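Undergrad: structure for the following, please:
(one chain, ligands or ions: 1)
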Amino acid sequence: MAYDPDNIFAKILRGELPAHKVYEDDATLAFMDIMPISRGHVLVLSKAPARNILDIDAADLARVVAVVQRVARAAKEALGADGVTIQQFNEPAGGQTVFHLHFHVVPRWEGQPLRPHGAIKADPADLKRDAEQIAALLV
Ligand code: 5GP
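TA: Residues are numbered from 1 along each chain as shown. Predicted coordinates:
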C-alpha cells in the first residue's frame, strides 16, 4: 500500500491539526495519544513519509527508535511509573489504525491493566499536564 499524505498524523506533522507536543527534532515528533491506554501514553513519529516499519528506510527507523528510548526514560521518570511498554503496529491485520509510522510509549504501574486501544478519550487538561512534565525532561 502507498503512503497516504492525508492521514491524521501527516496533518499533525504539517501543523494542520493540534497535538500536545512532547518532543521535536528534525527527524521526529512526539505527542500525547488522545485515547491513551495508560496515563502518559506518548506517540513517537518519524517525519519520513513512511506507512509503517515495513516501508521505512533503516536510517529513519534508527532515528525514531533513539527518540523512543529518550521518551520512555523521560516518561517513566516524570510520571513516577514502574515500567514502560513499547508497542508498534503494522497494517490493519497487525492492529495499525493510523498509517504513518509511529511507536507507542506506554508508562506502566504495578498491577494496573491497560485501557482498550484507541477507545477512551482523555481529558485534554490531563494530556497537557503530562506532556509538559515529560517534555521538561527532554530539553
Ligand atoms: P495504531 O493502531 O495506528 O498504532 O494507533 C494509532 C493511535 O493514534 C491510537 O492509539 C489512537 O488513540 C491515536 N489517535 C488517533 N487519532 C488521534 C489524533 O487525532 N490525535 C492523537 N494525538 N492521537 C490519535
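
Undergrad: how about the helices of this protein, start to end?
TA: 8-13, 58-79, 124-135 (DSSP state H).

Undergrad: by contact count, what packs against the second one?
TA: Right, helix 58-79. Applying 3 or more C-beta pairs under 8 Å, 6 or more residues apart in numbering; DSSP states H and E, one finds that helix 58-79 makes contact with strand 21-24, strand 28-32, strand 42-46, strand 83-87, strand 102-108, helix 124-135. The C-beta positions use only the backbone N, C-alpha and C, and glycine is treated the same way.

Undergrad: relative to the second one, what are the paired strands and their orientations?
TA: According to DSSP bridges, strand 28-32 forms sheet pairs with strand 21-24 (antiparallel), strand 42-46 (antiparallel).

Undergrad: okay, the helices and strands packed on helix 58-79 in CSV with distance to residue 55 and mean pLDDT next?
TA: Converted to CSV, the helices and strands packed on helix 58-79 look like this (distance: least, C-beta to C-beta, whole Å; pLDDT from 0 to 100):
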stretch, distance to residue 55, mean pLDDT
strand 21-24, 23, 98
strand 28-32, 17, 98
strand 42-46, 11, 98
strand 83-87, 19, 98
strand 102-108, 13, 98
helix 124-135, 29, 98
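
Undergrad: could the ones you listed be laid out in a markdown table, adding mean neighbour count and distance to the ligand?
TA: Shown next, in a markdown table, are the helices and strands packed on helix 58-79 (neighbours: other C-beta atoms under 10 Å; distance: least, C-beta to the nearest ligand atom, whole Å):
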| stretch | mean neighbour count | distance to the ligand |
| --- | --- | --- |
| strand 21-24 | 20 | 10 |
| strand 28-32 | 24 | 6 |
| strand 42-46 | 25 | 6 |
| strand 83-87 | 15 | 7 |
| strand 102-108 | 23 | 6 |
| helix 124-135 | 17 | 8 |
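
Undergrad: sounds good, over and out.
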